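Participant: model this:
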Amino acid sequence: MRFRFRSRRTAAVAVIAAALLAGPSFAAPPPAAAPGPVALLRLIVRTGDRAPDGGAYTVLADPALNDRGDIAFGAETDRRQAAQGLYLRRDGRTTLLAAVGRQLSTGGEFHTLSDVVLNNRGTVIFLGRTTDRTARLVLYAARGGRIRPVVVTGQPAPSGGVFTDFANPTINDSDVIAFVGRTNGTGTEGIYTNVEGMTATAVMGGWPAPTGGLFLFFPDGSPALNNRGQIAFDAATTEHATQGLYVLSDGRIVPLVTTDDTAPAGSPFTEFGFVSLSDSGTVSFVGRTAQSSVREALYATGRDTLVTLARQGQLVDGTAMTTFINAAMDDAEDVAFEPGIAQFPDVYPHTIYLARRSGVVTLVHEGERAPGGGRFSAFSQPLLNNRGQVVFVAETDDTHHGIYEVTLR
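Facilitator: Down below sits the predicted model:
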């Protein structure tokens, strides 16, 4: 299995404020443009560069970024066939953290590595599929040269039964880990947390939803976790097929927006995606509708309003926004995102934008000359930190691809 560009389908919204508990009100459409923030575009690593464990990189993917500017990323090299590894670049030095074929304390050896996340303490978490029949999927944490299993398939779940699958891990700066876990027996799934090796249930399928009915499942991308321990998540419920966005804070689940609410464009929401949650409690998300002229828009929550940051049909540098396929927000509430191609949703994105409450600007686009050679032809999901850095994988027209960084301010 090869690393590849991935669109992380996520969802959630809003600050926990008393004004939102009675239902959101909606702000006016966004301005069309804002002053350009780009200060520097530079190459971090490119296919053909030498890997620290030997050979040259042939595939680069799944970068994760923290506020120090450290980058964890997955790669393949030509050292041997399908030689996958997980690397950490810190202070200009790259080290190998994990590699396919490595023997594991949980049994077997690594088969594939994915879902890489990095926090400001330098802890890297990732999912590793193994050759062991029982511990076939493990959520690992790596720090200080040591890799430890967090949760393992076959392990008893605090909600009952045993874990059979994991998805969408995330970690905050206190090393609190949140993830979606699935269990046997009831065939249900939930959102779990792990603190210092202890796993607890945060939200479970079958629990009563505050908007009525029961939680069913949590779409790809949930949960989002901040440094206050709040968790934003998207959930489907049994209440007339409702989908909603919620925040779990201090043991209380607060409904923020559901498909019973009307979007600013004038018809009810039908779907949500691309969650981001700031430390202040603000959440950005993509909201979709079926009956309005604006079928998709990128939103963020304010004190008592839902703010439209970018919308379908909006012109930016002469190009109309289409669909939205990736988005990530920092604590300044800047959102890096990519538009899709409505007729071809699987085509890789060709532009990365930055949305601020003052407007939307282009960060990097197809045809632009790339540092290190060639011109950009496609991009992966952008990630941004609180230092104004945006990191992404990009293909170039000279058959290479690399990990690049844009400095915003």
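Participant: hey, let's count contacts and neighbours off CA atoms from now on
Facilitator: Noted.
Participant: who touches whichever strand or helix holds Phe272?
Facilitator: Phe272 is part of strand 269-277 when elements are defined by DSSP states H and E. Outside strand 269-277, the residues that touch it by C-alpha atoms under 8 Å, 6 or more residues apart in numbering are 8-13, 221-226, 231-234, 243-245, 258-263, 283-290, 325-329.
Participant: filter those to the buried ones?
Facilitator: Among these, those buried by neighbour count (16 or more other C-alpha atoms under 10 Å) are 8-13, 221-226, 231-234, 243-245, 258-259, 261-263, 283-289, 325-329.
Participant: from those, which land in strands?
Facilitator: If you go by DSSP state E, the buried ones among the contacts of strand 269-277 have 224-225, 231-234, 243-245, 258, 283-289, 325-329 in strands.
Participant: any idea how far Phe337 is from Arg387?
Facilitator: 17 Å (C-alpha to C-alpha, to the nearest Å).
Participant: who has more neighbours, those two?
Facilitator: Shown here are Phe337 and Arg387; by other C-alpha atoms under 10 Å, Phe337 has more neighbours (26 against 16).
Participant: pLDDT weak spots in the protein?
Facilitator: By pLDDT under 70, the low-scoring segments of the chain are 1-39, 80-82, 185-187, 303, 341-348, 409.
Participant: show me the helices in it, by range?
Facilitator: For the chain, applying DSSP state H gives helices covering 18-21.
Participant: mind checking how far stretch 402-409 is from the chain centre?
Facilitator: Mean C-alpha position of stretch 402-409 versus that of the full chain (C-alpha atoms, centre = their mean, to the nearest Å) differs by 17 Å.
Participant: swap in stretch 87-105?
Facilitator: Put simply, stretch 87-105 sits 21 Å off its chain's centre (C-alpha atoms, centre = their mean).
Participant: need the distance between the two termini of that stretch.
Facilitator: Terminal-residue distance, stretch 87-105 (C-alpha to C-alpha): 20 Å.
Participant: cool, and stretch 257-264?
Facilitator: 12 Å.
Participant: test my guess that Met404 contacts Val393.
Facilitator: That one is not Met; residue 404 is Tyr. Yes. Look at Tyr404 against Val393 with C-alpha atoms under 8 Å: they come within range, at 6.3 Å.
Participant: these two: who's more crowded?
Facilitator: Legend: neighbour count by other C-alpha under 10 Å for Tyr404 and Val393, higher for Val393 (26 against 21).
Participant: residues contacting that one?
Facilitator: Contacts here follow C-alpha under 8 Å, 6+ apart; on that basis Val393 touches 5, 60-63, 379-382, 401-404.
Participant: quick one: Asp397 and Ala370 touch, right?
Facilitator: No. If you go by C-alpha under 8 Å, Asp397 and Ala370 don't touch, sitting 9.6 Å apart.
Participant: anything in contact with each of these two?
Facilitator: Common neighbours of Asp397 and Ala370, counting by C-alpha under 8 Å, 6+ apart, are Phe376.
Participant: list the contacts of Phe392.
Facilitator: Pro63, Phe379, Ser380, Gln381, Pro382, Leu383, Ile403, Tyr404, Glu405.
Participant: tabulate those (CSV), appending distance to Ser276.
Facilitator: Listed next are these as CSV, based on distance: C-alpha to C-alpha, whole Å:
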residue, distance to Ser276
Pro63, 17
Phe379, 20
Ser380, 17
Gln381, 13
Pro382, 13
Leu383, 11
Ile403, 22
Tyr404, 22
Glu405, 20
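Participant: my guess is Pro268 contacts Val257. True?
Facilitator: No. Using C-alpha under 8 Å, Pro268 is not in contact with Val257, being 10.5 Å away.
Participant: looking at these two, which is more packed in?
Facilitator: Val257 (26 against 19).
Participant: ok, and the closest non-adjacent residue to that one?
Facilitator: Leaving out its chain neighbours, the residue that sits closest to Val257 by C-alpha to C-alpha, 6 or more residues apart in numbering is Leu245, at 5.3 Å.
Participant: Ile71 contacts Leu65, correct?
Facilitator: Yes. Here Ile71 reaches Leu65: they are 4.8 Å apart, a contact under C-alpha under 8 Å.
Participant: overlap in contacts of the two?
Facilitator: Common neighbours of Ile71 and Leu65 (criterion: C-alpha under 8 Å, 6+ apart): Leu118.
Participant: sorry, back to before: give me the distance from the strand holding Phe272 to the chain's centre.
Facilitator: With C-alpha atoms, centre = their mean as the basis, the mean position of strand 269-277 lies at 12 Å from the chain mean.
Participant: list the contacts for Arg79?
Facilitator: So Arg79 contacts Gly54, Gly55, Ala56 (C-alpha under 8 Å, 6+ apart).
Participant: just the buried residues out of these, in PyMOL syntax.
Facilitator: Burial among the contacts of Arg79 is assessed by 16+ other C-alpha under 10 Å; the matching PyMOL selection reads:
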select buried, resi 55+56
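Participant: okay if I get the contacts of Arg79 as CSV plus distance to Ala310?
Facilitator: Listed next are the contacts of Arg79 as CSV, based on distance: C-alpha to C-alpha, whole Å:
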residue, distance to Ala310
Gly54, 44
Gly55, 43
Ala56, 40
